[in-house]
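Colleague: Have a look; sequence and predicted model below, questions after that.
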Amino acid sequence: MSATADPITARVHRTSFALGEDVVPYAYGDGCTDELLLLLAEEVASADRVLLVHDAVAADLAQRVVDGLAPHALVHPLPVSAREELKTLETVLHLAEEAVAAGVTRGSVVLALGGGLVGNVAGMVAATLFRGLPLVHLPTTPVAAFDAVLSAKQGVNLSAGKNMVGTFWTPRSVWCDLDWLRGVDARQVLTGTAEMAKNVLAVLPEREDDYLAAVDGLADPGSDALLRLLQIGVDAKTGPLRVDPHERSEALVFEYGHTVGHAVELASRGALSHGAAVGWGMLAAADVAARLGLLDDAAVAAHARVLAPLGVRVDAPPVLDRALVHRLLLRDNKRGYLPGIGDDVVPMVLLDRLGSARRGEGGRPLVPVPTDLVHAAVDEVLRPV
């Protein structure tokens with residue numbers, strides 16, 4: 001990640017990430033909201049309306065954005081309750097109706113202020129209203145700033161599962177004051193940090209020391225922990241997403257830990273955060289790879305070392321119905337990448353060494369694993385102590 005000080009103010013820095021042939025600028029800093037809004041105003045000044053879709057709990061920040069942009073653009077704020085059960089097409093339709101009633105046209109811009117859920121809902125509005133409006137992200141949670149906004153994927157849920165309806169829509173830009181991320185609860189910090197643990201294990205193992213230093217510094221508001229994690233997120237995503245912006249081949253590596261992780265998350269019925277669940281999913285994936293002779297003991301130990309600071313430790317597993325986890329594995333949405341497989345196989349992203357995913361059919365980092373073997377790994381990792 002290379003960044004340069006913005007010529008207007010040294011408090012704002014710019015980097016970028018690639019989504020195929022598109023290069024998305026990312027402006028960030030720490031304690032620089034006023035400067036960011038000054039620069040953002042220049043970007044949206046030509047829009048006839050700015051639709052600000054924001055997390056309802058970030059109302060104060062949303063008002064600050066409205067006030068900052070008001071001299072340059074007509075801003076219409078629309079709050080969203082960031083609850084998983086509201087991440088639906090009905091919410092997207094409601095927001096679209098409200099937007100049109102407020103005068104949004106083909107010449108408008110959509111700003112998404114919030115975490116990953118708000119970003120996805122606003123992204124769906126931007127992608128579909130008038131068949132596409134510019135989308136600008138203002139992430140306010142670690143998982144959004146370090147991971148979710150670094151993607152063209154936009155999606156909402158069905159009753160059958162998460163993110164089953166969606167599309168691809170590349171954001172125009174991303175703007176983030178790292179100070180916005182300090183107001184979130186520990187659960188959201190864990191989720192964002194777990195995704196960076198995934199990046200270190202699956203893509204950038206040489207950044208383990210940076211990652212561990214960042215995790216150690218999260219409790220210190222004066223540390224550069226958030227900046228280190230942001231850098232890991234951008235650096236990990238850029239290579240795979242440059243060649244695979246729709247995340248159907250090379251970028252499937254970012255699904256590492258998510259096969260078992262999603263099942264664990266659902267089985268916990270909300271008790272575990274997404275980040276913690278993915279952490280347990282990575283431990284299970286490492287166990288599977290070790291059973292298959294792909295990962296050596298040192299690589300498995302690295303998983304434990306990277307995840308332990310997040311509270312994901314084999315000596316303190318969550319209490320879950322492991323039989324339910326087994327059943328939920330068969331609902332994983334990656335099954336469609338391996339046509340013709342039955343319930344005796346689970347598609348998984350596995351590593352054959354740190355930073356290197358095992359390749360399967362078509363060169364994808366996705367391989368079929370016997371279901372019984374996955375169950376054995378899940379039972380081992382989640383075995384009550």
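Modeller: Perfect, I can see it now.
Colleague: quick one, phi psi at residue 19?
Modeller: Torsion angles at residue 19 (phi, psi; degrees, to the nearest 10) stand at phi -130, psi 90.
Colleague: what about it, distance to residue 110?
Modeller: 17 Å (Cβ to Cβ, to the nearest Å). The way it works is simple: take the backbone N, C-alpha and C, and place the C-beta from them, glycine included.
Colleague: Also residue 297?
Modeller: 49 Å.
Colleague: who's more crowded, these two?
Modeller: For residue 297 versus residue 110, neighbours defined as other Cβ atoms under 10 Å are more numerous around residue 110 (29 against 8).
Colleague: Return the per-residue confidence for the closest residue to the more buried one other than its chain neighbours.
Modeller: Once flanking residues are discounted, residue 110 sits nearest to residue 126: 4.0 Å by Cβ to Cβ, 6 or more residues apart in numbering. The per-residue pLDDT reported for residue 126 equals 98.
Colleague: wait, isn't residue 126 in contact with residue 137?
Modeller: No - counting by Cβ atoms under 8 Å, residue 137 is not a contact partner of residue 126; they are 10.1 Å apart.
Colleague: okay, and the common contacts of the two?
Modeller: Counting by Cβ atoms under 8 Å, 6 or more residues apart in numbering, the contacts common to residue 126 and residue 137 are residue 112.
Colleague: domain ranges for this structure?
Modeller: Structural domains assigned to the chain are 4-184, 203-381, following automatic domain parsing.
Colleague: which residues does residue 262 contact?
Modeller: 162, 277, 281, 328, 332.
Colleague: mind listing what the second one touches?
Modeller: Which is residue 277. Counting by Cβ under 8 Å, 6+ apart, residue 277 touches 261, 262, 264, 265, 268.
Colleague: so what pLDDT did the nearest residue to the fourth one once chain neighbours are set aside get?
Modeller: This means residue 265. Nearest residue to residue 265, sequence neighbours excluded (Cβ to Cβ, 6+ apart): residue 277, at 3.6 Å. Confidence at residue 277, expressed as pLDDT, is 93.
Colleague: so how far is residue 263 from residue 277?
Modeller: Between residue 277 and residue 263 the computed distance is 8 Å (Cβ to Cβ).
Colleague: Now for the two: what residues contact both?
Modeller: With Cβ under 8 Å, 6+ apart applied, the contact sets of residue 277 and residue 263 do not overlap.
Colleague: Where do the strands of the stretch 1-150 of the chain begin and end?
Modeller: Secondary structure of the stretch 1-150 of the chain (DSSP state E, counting those that start in this stretch): strands at 4-5, 12-19, 22-29, 50-55, 75-80, 109-114, 135-139.
Colleague: what mean pLDDT does the first one have?
Modeller: Per-region confidence: strand 4-5 scores 54 on mean pLDDT.
Colleague: From what I see, residue 240 and residue 254 are in contact.
Modeller: Yes - using Cβ under 8 Å, residue 240 makes contact with residue 254 at a distance of 7.1 Å.
Colleague: So for those two, which residues contact both of them?
Modeller: Common contacts of residue 240 and residue 254 (Cβ under 8 Å, 6+ apart): none found.
Colleague: Those two: which is more packed in?
Modeller: For residue 240 and residue 254, the more surrounded residue by other Cβ under 10 Å is residue 254, and the numbers stand at 25 against 21.
Colleague: Hmm, the more buried one is touching residue 201, no?
Modeller: No - under the criterion of Cβ under 8 Å, residue 254 is not in contact with residue 201, lying 11.4 Å apart.
Colleague: Contact partners for residue 244?
Modeller: Going by Cβ under 8 Å, 6+ apart, residue 244 touches 250, 251, 252.
Colleague: thinking again about what came up before, minimum distance to residue 194: which of the domains of the chain has it?
Modeller: For those, the distance to residue 194 is smallest for domain 203-381, at 3.3 Å, taking Cβ to Cβ.
Colleague: Need the distance between the two termini of that closest one.
Modeller: Taking Cα to Cα, to the nearest Å, domain 203-381 runs 23 Å from one end to the other.
Colleague: Mind listing what's buried along stretch 65-85?
Modeller: Going by neighbour count (16 or more other Cβ atoms under 10 Å), the buried part of stretch 65-85 is 65-66, 68-69, 72-73, 75-80, 82.
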